[in-house]
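> Just a sequence and a predicted model for now, questions to come.
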2 protein chains.
Amino acid sequence: MQNPKPPSKMFLDIVGELRTIIREEGIKTGGKLPSERELVERLQAGRSTIREALRSLELLGLIETRRGEGTFLVDFQKHQLVEVLAAFIMQQPKSVIDVRETRKIHETAAIALVCKDSSLRSLPVWQSLLTKIDADGGILREDIIREMIVATGNRLSLKIWFLLKQYSKAPYQEMTGSDENDIVRELLNNVLDGDELQTLNAYSKWMELVDGERGERKQ
Amino acid sequence: MQNPKPPSKMFLDIVGELRTIIREEGIKTGGKLPSERELVERLQAGRSTIREALRSLELLGLIETRRGEGTFLVDFQKHQLVEVLAAFIMQQPKSVIDVRETRKIHETAAIALVCKDSSLRSLPVWQSLLTKIDADGGILREDIIREMIVATGNRLSLKIWFLLKQYSKAPYQEMTGSDENDIVRELLNNVLDGDELQTLNAYSKWMELVDGERGERKQ
DNA sequence: TAAAAAGAAGTGGTCAGACCACTCTATGGC
DNA sequence: GCCATAGAGTGGTCTGACCACTTCTTTTTA
């Protein structure tokens, strides 16, 4: 007598049925889903219920809706899932530190991978960055790191890093100073040499400098 | 006169406003959100719109609704949402690799940090895990890694890892086999010794074994 | 008096219908 | 042929209604 009638969330069922429809009709990325009104008939549910399911999938970034046109299956890369999560997580006080640390996790992993892979570290972009520093007297901090992660080809990591960067206090949008340029040059040269240890070393020094400027003295 | 109202997506605004409410009213984990009808008045929107936003957050696992009671803020840990999500995402081929690689980034970083920090690697939990393997003849794969990330204290990384884990094909919910146990023991012993290099080595071997079982031969 | 039953209020779950705003297409006039 | 317009189709939003469930209060009953 517990609950033979568990009030199963109908909108969750709809989500499942939508998946079935997508599979059975072979709807590809960018393809069009049935209209809301058609789904109402096919799934025998009210339009609001259908919409609740669709809106959920939209927030997850799995579908995209365009007024006047329809609802479309979207590329997985764009999912703003992490965005929403980040926004909520950001409300916890302690998490500012976590964000910075997690950001560094992705940065470190990218740097290490680039150093390890000879085809990656021989990319012309590193030399270009060095030239740019000399020419402009500095460089945007995020440009360096971004190129590293882009080079790894891991778009999910890039996406996560991009989000974390926005929540970081570190002034990533600023130009590097003159002291900083020395470290950055060292870092890039180490990449060209394929010296993983020294590169990560330079990265650590760099981050200490950047974080230190802000007077952040946590742990 | 360009676009006084270009972007629709009011339900996304609602999501944002809900976040504000949660922050300003200091609603904690497990706490109750305003009722749907109250939100209708406060946010000046229709109930269906409010519900679309709430349903989205529910699918994300950020809130929980109980009929007759209300809507509650949920703990980050307990989201069962992702099964649906995974089913969708798994239909996209290339991203599977990114998900796995990104998951490993977080795992590697956690392992390295634990090895580096003497107060972390001397935690009693590692010995407990070893004992458990001998007693039960194996251990859940995810238990090992989770303990590692938990130990680092980075809850954001933990959260991301948790999500990625569920996207992964790797059978993390399974018990380790007997061959595997040797590697895991080696890994944990290396942690106790504080040998970062050897620990990461053991981790690599472990992952090769796990991925290999599944016949995944990508890149 | 205390326990049980009935009721009231509040909440989420669902549905139907009505508009609106937008996009696309076909129709018609020039 | 070209372009403007009307229509159909689609998502976006609101309103009101009803149901199912939980909780608390009130009333009835033993």
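Yep, that arrived. Computed from a prediction, not measured in an experiment: that's the story for all the values here. Numbering: from 1, shown residues only, chains lettered A, B, ... in the order given.
> Can you pull out the low-pLDDT segments for chain A?
Scanning chain A for pLDDT under 70 picks out A:1-8, A:75-96, A:163, A:166-171, A:173-175, A:212-219.
> Quick one: name the residues of it near DNA strand C.
Residues of chain A lying close to DNA strand C (CB under 7 Å from any atom of the strand) are A:7, A:9-11, A:40, A:44-49, A:52, A:66-69. (Glycine included, C-beta is placed from N, CA and C.)
> Would you write a PyMOL line that selects the buried entries of the residues you listed?
Restricted to buried positions by 16 or more other CB atoms under 10 Å in any protein chain shown, the PyMOL selection for those reads:
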select buried, chain A and resi 9+11+40+45+48+49+52
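> of the residues of chain A next to DNA strand C, list those near chain B.
The subset of those within reach of chain B, by CB under 8 Å from any CB of the partner chain, is A:7, A:11, A:48, A:52, A:67.
> Domain map for chain A?
Structurally, chain A divides into domains by automatic domain parsing as follows: A:11-76, A:80-218.
> Can I get those in a markdown table including distance to residue B:199?
Below are the domains of chain A laid out as a markdown table (distance: least, CB to CB, whole Å):
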| stretch | distance to residue B:199 |
| --- | --- |
| domain A:11-76 | 32 |
| domain A:80-218 | 15 |
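> so which of those domains comes closest to residue B:18?
Residue B:18 lies closest to domain A:80-218 among these, at 9.4 Å (CB to CB).
> ranges for the helices of chain A?
For chain A, the helices defined by DSSP state H cover A:10-24, A:36-43, A:47-59, A:81-89, A:95-116, A:118-121, A:124-136, A:141-152, A:155-167, A:178-193, A:196-213.
> CSV for these, including distance to DNA strand D?
Converted to CSV, the helices of chain A look like this (distance: least, CB to the nearest atom of the strand, whole Å):
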stretch, distance to DNA strand D
helix A:10-24, 12
helix A:36-43, 4
helix A:47-59, 6
helix A:81-89, 17
helix A:95-116, 30
helix A:118-121, 41
helix A:124-136, 39
helix A:141-152, 32
helix A:155-167, 23
helix A:178-193, 44
helix A:196-213, 41
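> okay, these, which one's buried deepest?
helix A:47-59 (a mean of 23; mean count of other CB atoms under 10 Å in any protein chain shown).
> Just the CA coordinates for stretch A:30-46, please, in CSV.
Output in CSV follows, covering the C-alpha atoms of stretch A:30-46 (Å, rounded to 0.1, in the frame of the first residue of the first chain):
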residue,chain,number,x,y,z
GLY,A,30,20.1,20.9,-36.5
GLY,A,31,17.0,18.9,-37.5
LYS,A,32,13.5,20.0,-36.7
LEU,A,33,11.3,18.5,-34.0
PRO,A,34,7.5,18.2,-34.4
SER,A,35,5.7,21.4,-33.4
GLU,A,36,4.3,21.8,-29.9
ARG,A,37,0.7,21.5,-31.1
GLU,A,38,1.5,18.3,-33.0
LEU,A,39,3.2,16.8,-29.9
VAL,A,40,0.1,17.6,-27.9
GLU,A,41,-1.9,15.2,-30.1
ARG,A,42,0.8,12.6,-30.5
LEU,A,43,1.7,12.4,-26.8
GLN,A,44,-1.8,13.1,-25.5
ALA,A,45,-0.8,15.8,-23.1
GLY,A,46,-1.5,19.5,-22.6
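> and residue A:111, how far is that from residue A:145?
Distance of residue A:111 to residue A:145, computed by CB to CB, to the nearest Å: 8 Å.
> centroid residue for chain A?
Central residue of chain A (CA atoms, centre = their mean): residue A:159, 1.8 Å from the mean position.
> Residue A:125 contacts residue A:147, correct?
Yes - with contacts defined as CB atoms under 8 Å, residue A:125 counts as touching residue A:147 at a distance of 5.4 Å.
> So which bits of stretch A:68-75 are buried?
Applying a neighbour-count criterion of 16+ other CB under 10 Å, one finds A:71, A:73-74 buried in stretch A:68-75.
> Filter those residues down to the ones in strands?
In this view, the buried residues of stretch A:68-75 that belong to strands under DSSP state E are A:71, A:73.
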